[in-house]
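# sequence-free structure coming up:
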């Protein structure tokens with residue numbers, strides 16, 4: 001059967017590309033606002049400049065208006081039109097109106113607005129306002145300046161209307177806008193280069209981290225020592241913690257594999273030797289005895305393999321499954337019910353005394369394995385006609401589970417050793433794999449529970465598992 005390996009999918013997006021895209025979008029929006037602001041400013045600046053020229057020329061004309069024999073006389077100053085001639089491409093129109101809007105001089109058909117807007121006062125004698133209108137087929141900017149003319153025998157308002165086409169002011173506004181566009185473009189390119197360099201410098205530690213990981217051998221799980229910024233240091237700490245856990249897992253796996261191989265290899269060698277002896281034995285009675293030893297060794301080997309598989313599954317589920325909320329009292333009672341018949345077959349009475357309503361956050365499969373190992377060990381080592389008591393009760397700091405038997409017990413010198421994998425007491429003649437209490441300790445450690453072995457009176461062993469209140473739900 002062929003296995004087809006799938007290639008890893010290429011990265012769907014790049015941090016550098018995404019940052020550059022966001023930068024371009026941000027700079028683009030800023031540039032648009034800057035260009036619009038520059039265009040608006042150029043229009044206002046050009047308009048204000050030429051409006052001041054119109055105002056200056058109109059004031060010069062107003063200063064040369066007087067009375068002669070009761071009539072309004074206008075002496076148009078040449079300097080006023082020379083000021084407006086600074087824009088040679090524009091045409092200039094003027095008109096002077098006397099009291100009652102009587103035409104005095106200039107273009108008689110110049111337009112006037114229906115409503116005066118943006119009226120400004122220049123002292124007590126002058127008032128002025130600007131407006132835009134079309135005249136002669138061109139857009140024209142007009143200024144109307146009103147002056148109150150008073151003499152001994154005359155009093156009236158004189159209006160001076162002065163207009164100029166808008167070619168020069170539009171050209172000035174365009175030139176200012178062009179300069180603004182050039183400035184914005186230069187700033188845009190400089191900002192883009194600076195941001196690109198900043199993004200490259202920011203992502204450079206990630207590239208160093210990537211190279212440090214890529215250059216490592218598959219068996220190198222030592223902590224990474226790469227100079228990175230504070231934000232990436234958390235990622236490095238997480239990677240170091242992951243490699244530390246992975247290294248511990250691999251070490252435990254290696255140690256477990258070597259111990260398991262040793263524990264399986266020895267019974268297999270004994271089985272082979274006993275089988276060879278039975279095959280060569282001519283005495284029928286002795287042969288049957290040797291075959292019984294073969295069966296007993298096979299049972300012990302089967303029990304060891306079963307415990308090894310249980311521990312492997314247990315370790316995997318403890319690391320891959322999330323703890324759940326469960327009723328601990330119901331779980332203990334369920335395990336006692338399952339083991340009641342095997343206990344009776346060994347002439348051992350199994351009793352349970354527990355408090356109802358005890359809930360715990362934990363792994364159901366692991367807790368069941370721990371309970372089964374505790375109760376099965378108690379049944380296995382109890383003498384026929386004795387009893388095993390399982391108790392579950394609350395105390396001041398959590399929940400206490402105890403399993404009491406009346407077997408031979410464990411000497412004080414061996415109590416710290418029985419939690420090691422494959423440890424068997426030298427004086428223990430009963431079959432077993434030496435993994436039961438190791439599994440119990442692993443499950444208790446996962447649930448932050450304390451484990452203690454006590455002597456029973458007059459004989460036997462008490463195993464206590466104390467779950468802290470923090471595990472109760």
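That came in fine, so what should we check first? Owing to the predicted nature of the structure, the values given are computational and were not obtained by experimental measurement. Residues are numbered from 1 along each chain as shown.
# Now the element after the top strand by length along the chain, going C-ward?
With secondary structure taken from DSSP state E, the chain has its longest strand at strand 138-150. Where DSSP states H and E defines the elements, the next helix or strand beyond strand 138-150 is strand 155-165.
# hang on, residue 361 in a helix?
No: using DSSP: H, G, I helix; E, B strand; the rest coil, the secondary structure at residue 361 is strand, not a helix.
# how does the protein divide into domains?
22-174, 216-320, 322-473 (automatic domain parsing).
# Against residue 199, how distant is the closest residue to residue 209 other than its chain neighbours?
Nearest residue to residue 209 in three dimensions, chain neighbours excluded: residue 226, at 5.4 Å (C-beta to C-beta, 6 or more residues apart in numbering). In this view, the C-beta of every residue, glycine as well, is placed from N, C-alpha and C. Using C-beta to C-beta, to the nearest Å, we find residue 226 at a distance of 19 Å from residue 199.
# related to what we said a few turns ago, let me know which of the domains of the chain is tucked in deepest.
domain 322-473 (a mean of 17; mean count of other C-beta atoms under 10 Å).
# Mean confidence (pLDDT) on that domain, please.
What domain 322-473 shows for mean pLDDT is 84.
# The stretch 201-350 of the chain: strands as residue ranges?
Taking DSSP state E, counting those that start in this stretch to define them, one finds strands in the stretch 201-350 of the chain at 324-327, 349-354.
# Which neighbours in the sheet does the longest one have, and how are they oriented?
Sheet pairing here is set by DSSP bridges, and for strand 349-354 it gives strand 387-395 (parallel).
# Name the residues that touch the partner strand?
328-329, 332, 336, 343, 348-355, 358, 375, 378-379, 382, 399-406, 466 (C-beta atoms under 8 Å, 6 or more residues apart in numbering).
# Please repeat the previous calculation with a cut-off of 6 Å.
329, 332, 336, 348-355, 378-379, 382, 400-405 (C-beta atoms under 6 Å, 6 or more residues apart in numbering).
# Would you format the domains of the chain as a markdown table with distance to residue 16 included?
As requested, these are exported to a markdown table (distance: least, C-beta to C-beta, whole Å):
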| stretch | distance to residue 16 |
| --- | --- |
| domain 22-174 | 10 |
| domain 216-320 | 15 |
| domain 322-473 | 36 |
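# so which of those gets nearest residue 180?
domain 22-174 (3.2 Å; C-beta to C-beta).
# Can you give me the end-to-end span of the closest one?
31 Å (C-alpha to C-alpha, to the nearest Å).
# Stretch 81-99 now?
Length of stretch 81-99, first residue to last, C-alpha to C-alpha: 24 Å.
# Check stretch 276-295 too.
First-to-last residue span, stretch 276-295, C-alpha to C-alpha: 14 Å.
# Would you mind pulling the contact partners of it?
By C-beta under 6 Å, 6+ apart, stretch 276-295 touches 274, 275.
# can you give me the helices for the chain?
15-63, 78-84, 167-214, 230-280, 284-320, 328-345, 364-381, 436-446 (DSSP state H).
# How far does the fifth one sit from its chain's centre?
Here the centre of mass of C-alpha atoms in helix 284-320, compared against the chain's by C-alpha atoms, centre = their mean, to the nearest Å, lies 49 Å away.
# between it and helix 364-381, how big is the angle?
150 degrees (axes from the mean of the first three to the mean of the last three C-alpha atoms, to 10 degrees).
# repeat for the fourth one
In this structure, helix 230-280 runs at an angle of 30 degrees to helix 364-381, with the same axes, to 10 degrees as the basis.
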